[in-house]
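K.L.:
okay, predicted coordinates and the sequence, questions at the end:
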Amino acid sequence: MNVYFYTDMEGISGIDTAEMVESDSPSREYTRQRLMVDVNAAIDGAFAGGADKVYVWDGHGSGVNFIEGELDTRAIQIPLRNINPDELAYIDAFMLVGTHAMSGTQNAFLDHTQTSIHFHDYYINGRRYGEIGQYAVYAGYFDIPVVMLTGDEAACHEARMFLGDVAVAPVKYAVERNKAILYDIDKTSETIRNAAIAGMQKIYKIKPHKPIFPIEVKIKFNRADYCDSWCPQFNFERIDARTARKIVHKLTKFHDLLY
């Protein structure tokens, strides 16, 4: 069985303030170290659960967060945007590491959808989605289930709201948007590894998340001028001052859900 990991940074263990995730933070190297700990724990769990191959995408920001030489050597690092539908035919499950809840989620650490500056809400067929749901839609389009997720408690709750009995590994909980209480980092690696093992056992039990295509993607922006520039650039239809929509007939890459 082959597994694809998407990684983010807001939902990893050991990170409890907004500043720690910023690219120019004094804590940047510590944050990257915690990312590698979580990712490698998940990779180890996937192999322990029966994975034959594990592919990993460094998905936070511009994708330069992994520490060179520290990724589990059994895993293959490959950008998601470079996977085509033919290659996805050989993927049996997605796992998500370090995720965060969608924008507007109460009691969630660093909640946002793509960008907290530009996007206010994102919808597919009238239902509000965040990045967790988006990846489930992308995987589901190719009949691939999302079977495991790590993040804060709000992200884990969101995953189960969309995906049902997905395996989750909560590593902290938010006391406000920019502050979290951490779970013991000496134990979170085991929690993540065990969730990945459990996720492998759910591959044929969890149904892929499949909204009916064609889908209507609708984005509500924080300001009208963001909508001004988005619509002509990405061929969206303007609905009102801050809202744009687009009909998506098929997916060939993840970013078809956005652009």
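P.N.:
Yes, it's here.
K.L.:
now the helices: where do they sit in the stretch 101-250 of the chain?
P.N.:
For the stretch 101-250 of the chain, the helices defined by DSSP state H, counting those that start in this stretch occupy 131-141, 153-163, 185-200, 224-234.
K.L.:
just say which of these is most tucked in.
P.N.:
helix 131-141 (a mean of 24; mean count of other Cβ atoms under 10 Å). Quick note: C-beta positions are derived from backbone N, CA and C, even for glycine.
K.L.:
one step back: could the helices of the stretch 101-250 of the chain be laid out in JSON lines, adding distance to Leu258 and mean pLDDT?
P.N.:
Formatted as JSON lines, the helices of the stretch 101-250 of the chain follow (distance: least, Cβ to Cβ, whole Å; pLDDT from 0 to 100):
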{"stretch": "helix 131-141", "distance to Leu258": "8", "mean pLDDT": "96"}
{"stretch": "helix 153-163", "distance to Leu258": "18", "mean pLDDT": "97"}
{"stretch": "helix 185-200", "distance to Leu258": "26", "mean pLDDT": "97"}
{"stretch": "helix 224-234", "distance to Leu258": "8", "mean pLDDT": "97"}
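K.L.:
between those helices, which gets nearest to Thr252?
P.N.:
helix 131-141 (9.5 Å; Cβ to Cβ).
K.L.:
and the closest one, what other elements does it pack with?
P.N.:
If contacts are counted by 3 or more Cβ pairs under 8 Å, 6 or more residues apart in numbering; DSSP states H and E, helix 131-141 sits against strand 93-99, strand 119-124, strand 146-152, helix 153-163.
K.L.:
try 7 Å
P.N.:
With contacts defined as 3 or more Cβ pairs under 7 Å, 6 or more residues apart in numbering; DSSP states H and E, helix 131-141 has these neighbours: strand 93-99, strand 146-152, helix 153-163.
K.L.:
can you redo the ones you listed as CSV with distance to Pro170?
P.N.:
As requested, the helices and strands packed on helix 131-141 are exported to CSV (distance: least, Cβ to Cβ, whole Å):
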stretch, distance to Pro170
strand 93-99, 11
strand 146-152, 7
helix 153-163, 5
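K.L.:
closest one to Ile247 among the ones you listed?
P.N.:
Per Cβ to Cβ, nearest to Ile247 of those: helix 153-163, 21.7 Å.
K.L.:
buried residues of the helix or strand bottoming out on mean pLDDT in the chain, list them for me.
P.N.:
Of all helical and strand segments in the chain, the minimum by mean pLDDT, DSSP states H and E falls on helix 85-88, at a mean of 77. Buried residues in helix 85-88, counted by 16 or more other Cβ atoms under 10 Å: Leu88.
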